[in-house]
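In: can you look at this prediction? I've put the sequence above it.
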Amino acid sequence: MAVEIDIPRVARLARLALSESQLEIYRHQLGVILDHAARMQALATEGIAPTGHPLTIATPYRLDQVGEVLDRDEVLSQAPETEGPFFRVPQIVGEE
Amino acid sequence: MSSLADLSIAAAAAGMREGTFRAVELLEAVLLRATFTEAQLHAYLNLDREGARAAAEAVDQSRAAGKETGPLAGIPIALKDNMVTRGLETTCSSKILAGYIPPYDATVVERLRQAGAVIVGKTNLDEFAMGSSTENSAYGPSRNPWDPERVPGGSSGGSAATVAAGSALGALGSDTGGSIRQPAALCGVVGMKPTYGRVSRYGLIAFASSLDQIGPITRTVEDAATLLSVIAGPDPHDSTSYPHPPPDFRSRLGRGVEGVRIGVVREFMGEGIDPQVLAASQETLDRLSQQGAILSEVSLPTCEHALSAYYLIAPAECSANLARFDGVRYGLRIAGSNTEEMMANSRAQGFGPEVTRRILLGTYALSAGYYEAFYIKAQQVRTLLIEEFRRAYAEVDVLVSPTSPTTAFPIGAKAADPLAMYLSDVCTIPSNLAGDPAISVPVGLDREGLPIGLQLMAPPLQEELLFQVASAVEAVASFQARPGLAVSEAAE
Amino acid sequence: MSYEAVIGIETHVELNTASKMFCACPVDFGAEPNTRICPVCLGLPGAMPVLNRRAVESAIALGLTLNCRIDENSLFHRKNYFYPDLPKNYQVSQYDRPLATDGYLETETDEGPIRVGITRVHMEEDTGKSLHASEEGRIHAASHTLLDFNRSGVPLLEVVSEPDLRSPEQAHAYATELRGILLALGISDAKLEEGSIRFDANVSIRQVESDQLGTKVEVKNMNSLRSLQRALAFEIERQTDLAEKGGGEVQETRHWNETEARTSSMRSKEEAFDYRYFPEPDLLPVEVPPAWVEEVASRLPELPSARRARYQELGLDRRAARLLLEGDGLANVFETGIAAGGGAKPIANWLIGEVTAYLRRQAKTLAETPLRGEHLAELDRMVAAGRLSATTAKEVLAGVLAGEGSPSELAETRMMVGDTSALEPVVREVLSANPEAVVKLAAGDPKLLGFLVGQVMKATGGKADPKTVSELIHAMTKETDVK
């Protein structure tokens, strides 16, 4: 395999709690896909601007006007856990 | 005796206008067809009989009162379940959104409702639109109406199956790498991806933002143009929607191909393409030639790398688009001793393997140290591809290729090897990367009786030309076959 | 070994637009939780951002004011990290193509003027609010957290300074000037207590004469300009101590604790955040044509530095000019006061002195008192006309502030100071009632002046202006002489 993938780190960055065996399978699969990309990576692209987007226009602006908001009850009805008017999550470890 | 469910949208609209039948009758025929076919096909995740009946009745009342009805009044339409519908469960075929009821309608859904369409229900897809067979659905695969042991294609497999089976007269799908066109080809129906930006993405649950587009799946080319007309147009809610009003997509239907220069993409007419698919494609091209089309061979060598570029860009964008599914505000929550664990557990259990794979791939491609080598590189290849298309369109008016390298494959046949599955999209991916419009038209059946689709591609914003040539292909191919499943009702 | 501090400040400014950065939800502080949300700012599936033009205009105005170069085609990027108050688990921000770059801010300190480089001004969206269920509302040992997304999506401008500041006082001056600019532009309420302006500092130390940068420490949670200064002072001392003892500084984030008056290390991350920035594909480049920039430039209001210069031309010293502008609303009252004909120095002195002291004592803002510039002009007129003394003017002013009436009403009940026509008869009477004193005074005994003045004071119930009385006595005794 051309690249050594630190799959546990990737899974942590992506917030995916996968088992070791699962991680190993994905690591292998990612390797296969990226190996396949090696030919693409060998293409000469110096000086070629990357295309992020097929459209070449500028972003439209919105006037600074207030519109409709969602009904709180409707929104909270979809939440896994609430407390009064708030969404509720377990304790957060790490900085604010 | 044929059912109203087998009518084209055009014929159904005419029938209702002339008073031959009412919207509720048309809907009942469609619902009856669904009753017969769904057990086998599982095309729908959510059949909204009540909502559809109410909508059909409203149309009939409007008509009876002499009020003007919209262009799709009373037409039963199915929606891929990655477009949000207010009050109607929207799951993206994922466990992570099981039971999720959106508080708003996607713009396309609003436009359909305003046009009087009757929304029959939400159709099955590969989870979060990632896949080419609908086998990645967390709720079980959909099946191909032509052979229920085979896939309907993906990711809009459910939508394509409903149109082929007659459990909807038309459907909306979404196309990021071929997800409308490929299932349309495998199901023997018309499927079209418009120019990027033609149709609003507001309310389309995003997979890859710079590639996704919503488009029509129908039985005829004319129907596709009609359905597209209703949903297309600028939307102030979508910053990436093309700001100018669309042309009349139907304006050049039936004009024929006299003098039209058609470029046959060399890279998609040889190795890797099923010989029967090639033969049917070639046969159609010969007939177009007889109609006055000027055929030539065009080489797009960068297409060889399009798959790799796509499988870096799309996962990168999706890794960020799917980050919002974290069990905090909606969707599945699996407990954890802290928020970070809760999120990681919810996502690991809520997402299927294909989605997980792409999120990991995308996260990796964007991460520090790899961003240039993977993501930027893929975007540069994208530029090369676009330039290549532009050069080609200086010589030809449209490009042509088979839509899919194979016809419908058996369920489970490609599930073990992700890369083999990815190759299903090799012909369709380039137009997503370029943002150009493309369409698949059914042109024949292979020896197993499975449909073959031919793909046409046009320069950006040239949907009228695309529909013109597509209607000519439809005419010369004269594809009249219907899947056996569609004529199985006894009491008709 | 002599060390110097190297400080840079990152400022986040909440704009006072009517609606949010990418959606039409109202920007509305103090609303009931989760009542100012929509699919976009809540991060619902299928939602998409659309950029608020007024937010961009505010960014252009700030960029121009800070002498920056405005990028005609800046880009939004996604900054990817998971946090429960960040609904999409990415923040739409600007990365390597921000709206404004390469500017500077000039301001005054007690040691003289300074110029601070401005690296960039960029746009981004704010996050929701977390309420941690624990003592003090801190994250540590919280059993759970409650989330309110009203603030999610509020437009933010981030201003990053070069590490050009060398002392807590300079940092204070920088922060004050920046705040003054924001208020002058009218693009933000810029209230530290409310969180509409937030300062984070990067602090390191190095040996004097070195031009290398030391390991920098980020300091957060300074909720007032005073605590900004104190936190920096503490941190500089802590780092200097550490360096002198041979210790190495570690790159970290520290949290300022106001009650304990110290910084403490926040739980350090196992790895630096990998934000995986990439251009936001739901937005297109932000086009800002030169014509728009010029138009914004032509409408820029008078900035604090220009105002200070103008005040100095009116005769105020540097300190007075600065203090007037730092106060909340003082400068505006000053301006209406001089427009109404009052003298610059006296009005300024009252505002900086008595008024400021009163507001602090009463814990009020100027807007909460009935004081107008016209009042001060009136007061100044009465003093200049000799009707009020310096002392009684202060009393009248206090009365006006307390809402007891207008200056003329209050002056009535205070005295008829220096009104020579009213005082003359009283003085004459006192003089004729005390002929021996007059003779002794004329003969050169100064003590008698005090006595006679005292008599006049008694007769007028203490309201006469002693100075005027003395003058009258002198004038009248001379008269007598001549007679």
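Out: Received the coordinates, thanks.
In: so which residue is dead centre in chain B?
Out: In chain B, the C-alpha closest to the average C-alpha coordinate belongs to B:Ile180, at a distance of 2.1 Å (C-alpha atoms, centre = their mean).
In: quick one: mean pLDDT for the helix or strand where C:Glu436 lies?
Out: Here C:Glu436, judged by DSSP states H and E, is contained in helix C:435-442. Mean pLDDT, computed over helix C:435-442, is 84.
In: so which elements touch the host helix or strand of B:Val400?
Out: Under the assignment given by DSSP H and E, the secondary-structure element containing B:Val400 is strand B:398-402. Packed against strand B:398-402 by the contact rule (3 or more C-beta pairs under 8 Å, 6 or more residues apart in numbering or on different chains; DSSP states H and E) you find strand B:261-265, helix B:275-290, helix B:377-395, strand B:451-457, helix B:463-477. Yep, even glycine has a C-beta here, placed from its N, CA and C like the rest.
In: quick one: the first one to strand B:451-457, angle?
Out: Strand B:261-265 runs at 120 degrees relative to strand B:451-457, counting by axes from the mean of the first three to the mean of the last three C-alpha atoms, to 10 degrees.
In: what sits up against strand B:261-265?
Out: Outside of strand B:261-265, the residues that reach it under the criterion C-beta atoms under 8 Å, 6 or more residues apart in numbering or on different chains are B:285, B:288, B:293-300, B:303, B:392, B:395-401, B:427, B:469.
In: and chain C, what are its domain boundaries?
Out: Domain segmentation of chain C under automatic domain parsing yields C:3-296, C:302-413, C:420-482.
In: right, so those domains: which one is the most enclosed?
Out: Sort the domains of chain C by mean neighbour count, taking mean count of other C-beta atoms under 10 Å in any protein chain shown, and domain C:3-296 sits at the top with a mean of 19.
In: does chain B have contacts with that one?
Out: Yes - judged by C-beta under 8 Å from any C-beta of the partner chain, domain C:3-296 comes into contact with chain B through C:39, C:42-51, C:78, C:80, C:82, C:84, C:87-90, C:145, C:147, C:149, C:274, C:276, C:278, C:281-284.
In: how far off centre is that domain?
Out: Mean-position distance between domain C:3-296 and its chain equals 18 Å (C-alpha atoms, centre = their mean, to the nearest Å).
In: what distance separates the start and the end of it?
Out: Counting by C-alpha to C-alpha, to the nearest Å, you get 43 Å between the two ends of domain C:3-296.
In: find the closest residue to chain A in chain B.
Out: Going by C-beta to the nearest C-beta, chain A is nearest to B:Gly435 of chain B, at 2.5 Å.
In: what about that residue, distance to chain C?
Out: In this view, B:Gly435 and chain C are 12 Å apart by C-beta to the nearest C-beta, to the nearest Å.
In: could you check the angle the helix or strand containing C:Gly450 makes with helix C:435-442?
Out: Taking DSSP H and E as the definition, one finds C:Gly450 inside helix C:447-459. Here helix C:447-459 points in a direction 130 degrees away from that of helix C:435-442 (the same axes, to 10 degrees).
In: now helix C:447-459, how far from the centre of its chain.
Out: Between the mean C-alpha point of helix C:447-459 and the mean C-alpha point of its chain there is a distance of 48 Å (C-alpha atoms, centre = their mean).
In: hmm, C:Thr145 and C:Leu131 touching each other?
Out: Yes - with contacts defined as C-beta atoms under 8 Å, C:Leu131 counts as touching C:Thr145 at a distance of 6.7 Å.
In: in chain A, what residue is nearest chain B?
Out: Closest contact between chain A and chain B, by C-beta to the nearest C-beta, is at A:Pro54 (2.5 Å).
In: nearest spatial neighbour of that residue, skipping sequence neighbours?
Out: Closest residue to A:Pro54 in three dimensions, ignoring its sequence neighbours and counting by C-beta to C-beta, 6 or more residues apart in numbering or on different chains: B:Gly435, at 2.5 Å.
In: what residues are up against the one you found?
Out: Counting by C-beta under 8 Å, 6+ apart, B:Gly435 has contacts A:Pro54, A:Leu55, B:Thr195, B:Tyr196, B:Gly197, B:Ile386, B:Pro460.
In: how about these, which pair is most distant?
Out: Largest separation among the contacts of B:Gly435 by C-beta to C-beta: B:Gly197 and B:Ile386, giving 14.6 Å.
In: so is stretch B:356-367 next to chain C?
Out: Yes - taking C-beta under 8 Å from any C-beta as the criterion, stretch B:356-367 and chain C are in contact, through B:Thr363, B:Leu366, B:Ser367.
In: out of the residues you listed, who's nearest chain C?
Out: B:Leu366 (3.9 Å).
In: quick one, phi/psi of the closest one?
Out: The phi and psi values for B:Leu366, taken as degrees, to the nearest 10, are phi -90, psi -10.
In: that one touches C:Tyr90, doesn't it?
Out: No - here B:Leu366 does not reach C:Tyr90: they are 10.8 Å apart, not a contact under C-beta under 8 Å.
In: next, show the common contact partners of these two.
Out: Common neighbours of B:Leu366 and C:Tyr90, using C-beta under 8 Å, 6+ apart, are B:Ala320, C:Asn80.
In: what residues are up against whichever residue of the stretch 51-200 of chain C sits closest to chain B?
Out: For the stretch 51-200 of chain C and chain B, the shortest gap (C-beta to the nearest C-beta) falls at C:Asn89, measuring 3.6 Å. By C-beta under 8 Å, 6+ apart, C:Asn89 lies in contact with A:Arg15, B:Ala323, B:Arg324, B:Asp326, C:Gly43, C:Asn80, C:Tyr81, C:Phe82, C:Tyr83.
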